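Undergrad: give me a 3D structure for the following:
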Amino acid sequence: MKVNFDHSRNLIVSYDPKTAALAQPLNSQSKSSPIERANEVQASLPSELPSFVKLMLPSHVTRYFCLGLPKNFCDAHLPKDDVTVVLVDEDDKEFNTKYLDRKTGLSGGWRGFSIAHKLLAGDALVFQLIEQWKMKAS
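TA: Residues are numbered from 1 along each chain as shown. Now for the predicted structure:
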């Protein structure tokens, strides 16, 4: 995959979306699917912190890079305005993203997170609200 990410500046230098989209088939033949593994991870999380599982579609990880979030989660836990939502990865690295209330999704900054983590269509992530407007993504 042709992705060059400068971690020191949190900046994408170059990226080939066609390669990323074709790198993994949507119907992966592994022992358990990414969504099943993500559901298992979510089930092990403390219930007092809201969470959800999101399956990556091509529009989430190529070209448009817009990640729609579950409307019920947004209505219950996110503001009615556009704000910065911080995503924290498994290494505790933070990525600022732009939450768009009208679209109930993440835009600006989501592209950087997606590329830095080499996300592909068919991958699944668990998002857990850990602070106001801050989510752990794994």
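Undergrad: are there helices or strands packed against the top helix by length along the chain, and which ones?
TA: Ordering each helix of the chain by length in residues (DSSP state H) puts helix 34-43 first. Packing contacts for helix 34-43, counted by 3 or more CB pairs under 8 Å, 6 or more residues apart in numbering; DSSP states H and E, involve strand 51-55, strand 124-131. C-beta coordinates here come from the backbone N, C-alpha and C atoms, glycine included.
Undergrad: where does pLDDT dip in the chain?
TA: The chain contains residues with pLDDT under 70 at 1-31.
Undergrad: and the helices in it?
TA: With DSSP H as the criterion, the chain has helices at 17-22, 34-43, 58-61, 71-77, 110-116.
Undergrad: ok, back up a step: tell me the buried residues in the longest helix of the chain?
TA: Across helix 34-43, burial judged by 16 or more other CB atoms under 10 Å covers 34, 38, 41, 42.
Undergrad: a markdown table for these, including distance to residue 75?
TA: Formatted as a markdown table, the buried residues of helix 34-43 follow (distance: CB to CB, whole Å):
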| residue | distance to residue 75 |
| --- | --- |
| 34 | 26 |
| 38 | 22 |
| 41 | 24 |
| 42 | 19 |
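Undergrad: any chance of JSON lines for the helices of the chain, columns distance to residue 95?
TA: Listed next are the helices of the chain as JSON lines, based on distance: least, CB to CB, whole Å:
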{"stretch": "helix 17-22", "distance to residue 95": "17"}
{"stretch": "helix 34-43", "distance to residue 95": "19"}
{"stretch": "helix 58-61", "distance to residue 95": "14"}
{"stretch": "helix 71-77", "distance to residue 95": "18"}
{"stretch": "helix 110-116", "distance to residue 95": "4"}
